[in-house]
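K.L.:
Structure for this input, please:
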Amino acid sequence: MKQPNVVSADQWLAARKSLLEKEKAFSRLRDELTAARQAMPWERVEAEYRFAGPDGEQTLADLFGSCSQLIVYHFMFETDWTEGCKSCSFVTDHIEPSIVHVAQRDVNVVLVSRAPLQKLEDFRQRMGWKLHWVSSEGSDFNRDYQVSFTQDEIEQHKVYYNYRSDRSFPSTEGPGISTFCKDEDGTVYHTYSSYQRGLENFIGAYTLLDIVPKGRAEEDLLYGMHWLRLKDAYGDVEFADPYAGKLR
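P.N.:
As a prediction, the model looks like this:
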């Protein structure tokens, strides 16, 4: 972190008010972007995707449950991996607590991965998640939504990801998020998908780090999330106890 600029209270307040104007402009721009995202056209899902879930085979329409809107998080978990992606786990740690709330607004949330169902179930239990997770193994779902690639595509730098082709990628799996809507006759439509840094919108820990002076402190790392671990791999973390020395 560079040397801080220490100023008087009046100077600090002036700087804060100046920054507040930029924050307000950003909020207005974010509202415009949200409106444009929600106004995106829909495309009808023609493929008959099948998924393996804890209660048996399910279609994409089944994943909606009782809701008319569906969010699918494309969780990186290749068929031969022994555990799920740490970055996708980081995102899921943030998404899962919100599921009970978004369900009140007619939205269901499901994780989809290529790994066999039993691997997903074992890892879900290890992480303590209760959300719905299904396997797309044997389906074209991951390929169609641009989150699975062949080894040949990787070696030839011809991966299609985040709406760009002929690019390099370090893995046969990529992260992403897609949204769908189902009308009254059961027809399913794809409404939105986002990848790469678009997924930062769902990471509350980054929002917290972005307001402290040292920020994310990722500039000198091998890659942005190199510091990250699965939540059960950090070891014991000590927190200040606000009730220390007080009656409970």
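
K.L.:
close enough to count as contact, H157 and R164?
P.N.:
No - if you go by CB atoms under 8 Å, H157 and R164 don't touch, sitting 11.5 Å apart. C-beta here means a position set from N, CA and C on the backbone, and glycine is covered the same way.

K.L.:
State which helix of the chain is the longest.
P.N.:
Longest helix in the chain, counting residues (DSSP state H): helix 9-38.

K.L.:
Check which element follows that one along the chain.
P.N.:
Using DSSP states H and E, the helix or strand that follows helix 9-38 in sequence is strand 43-44.

K.L.:
other SSEs contacting that following strand?
P.N.:
Where contact means 3 or more CB pairs under 8 Å, 6 or more residues apart in numbering; DSSP states H and E, strand 43-44 is packed against strand 188-195.

K.L.:
tilt between the strand it packs on and helix 9-38?
P.N.:
Counting by axes from the mean of the first three to the mean of the last three CA atoms, to 10 degrees, strand 188-195 points 150 degrees away from the direction of helix 9-38.

K.L.:
how far does strand 188-195 sit from the chain's center?
P.N.:
14 Å (CA atoms, centre = their mean, to the nearest Å).

K.L.:
How far off centre is the next helix or strand after that strand?
P.N.:
Using DSSP H and E, the next helix or strand after strand 188-195 towards the C-terminus is helix 204-209. Centre-to-centre, helix 204-209 and its host chain are 14 Å apart (CA atoms, centre = their mean).

K.L.:
Stretch 205-217 too?
P.N.:
With CA atoms, centre = their mean as the basis, stretch 205-217 stands 18 Å off its chain's centre.

K.L.:
All further residue positions should be reported with the first residue as 6.
P.N.:
Happy to do that; since the first residue is 6 now, the last one works out to stretch 210-222.

K.L.:
Straight-line length of it, end to end?
P.N.:
Separation of the first and last residues of stretch 210-222 by CA to CA, to the nearest Å is 13 Å.

K.L.:
contacting residues around it?
P.N.:
Residues from elsewhere that reach stretch 210-222 (CB atoms under 8 Å, 6 or more residues apart in numbering): M6, P9, F95, H99, E205, G229, W232.
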